[in-house]
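K.L.:
this one's structure only:
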């Protein structure tokens, strides 16, 4: 499988992740509007919406963070980085991706542990195992490791391929 094909596949995966988070946000917005309406107009609020809201926010935030790793739309000091010599800038971005990947690897590993430990309990308002709510941790962590690793390798290799291996900066 060529690098170009892998990158195209990951671009599609990022778009699917972004679309999924958008759908979750739309559903969450509708649920919260219903909860507010039912609490203040009907005087009877659904008890399960608050728990779903917290879980949804966790999934939105972590899946969105994974997508941001691939698109490099996470927070960075671009004003400082853009003023550095090009070679240093490329290696700094690769180092940043590696640090993100290491953090994400810990997130993935600890997420798997948390899912396993909480699978026997159930949520207070829904008949759902607590472990399923934390499943986003290893999923997002694994995606971040994949995205950051490929970004680090392709960024450096593309830089040197375009310059014919020269090391000027």
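P.N.:
Now that the structure is in, tell me what you want to look at. All figures in this text were calculated on a predicted structure; none of them were measured in a lab.
K.L.:
buried stuff in stretch 156-165?
P.N.:
Buried residues in stretch 156-165, counted by 16 or more other Cβ atoms under 10 Å: 156, 159. All C-beta atoms are positioned from the backbone trio N, CA, C, and that covers glycine.
K.L.:
the lengthiest helix in the chain packs against which elements?
P.N.:
Ranked by residue count and defined by DSSP state H, the top helix of the chain is helix 3-40. Identification of packing neighbours for helix 3-40 by 3 or more Cβ pairs under 8 Å, 6 or more residues apart in numbering; DSSP states H and E yields helix 49-71, helix 136-162.
K.L.:
what's the shortest one packed up against?
P.N.:
Same thing as helix 49-71. Using 3+ Cβ pairs under 8 Å, 6+ apart, helix 49-71 sits against helix 3-40, helix 86-118, helix 136-162.
K.L.:
repeat that for 7 Å
P.N.:
Under the contact criterion of 3 or more Cβ pairs under 7 Å, 6 or more residues apart in numbering; DSSP states H and E, helix 49-71 touches helix 3-40, helix 136-162.
K.L.:
residue 46: how many residues sit nearby?
P.N.:
If you count neighbours by other Cβ atoms under 10 Å, residue 46 ends up with 14.
K.L.:
I meant residue 82, not that one.
P.N.:
Residue 82 has 9 neighbouring residues, counting by other Cβ under 10 Å.
K.L.:
tally up the residues packed near the nearest residue to it once chain neighbours are set aside, please.
P.N.:
For residue 82, ignoring the flanking residues on the chain, the nearest one in space by Cβ to Cβ, 6 or more residues apart in numbering is residue 89 at 7.4 Å. Per other Cβ under 10 Å, the neighbour tally for residue 89 reads 17.
K.L.:
next one: residue 98
P.N.:
Using other Cβ under 10 Å, residue 98 has 15 neighbouring residues.
K.L.:
related to what we said a few turns ago, out of the helices and strands packed on helix 49-71, the one nearest residue 59 is which?
P.N.:
Taking Cβ to Cβ, helix 136-162 is the member of these nearest to residue 59, at 4.7 Å.
K.L.:
what are the buried residues along the closest one?
P.N.:
Across helix 136-162, burial judged by 16+ other Cβ under 10 Å covers 136-152, 154-156, 159.
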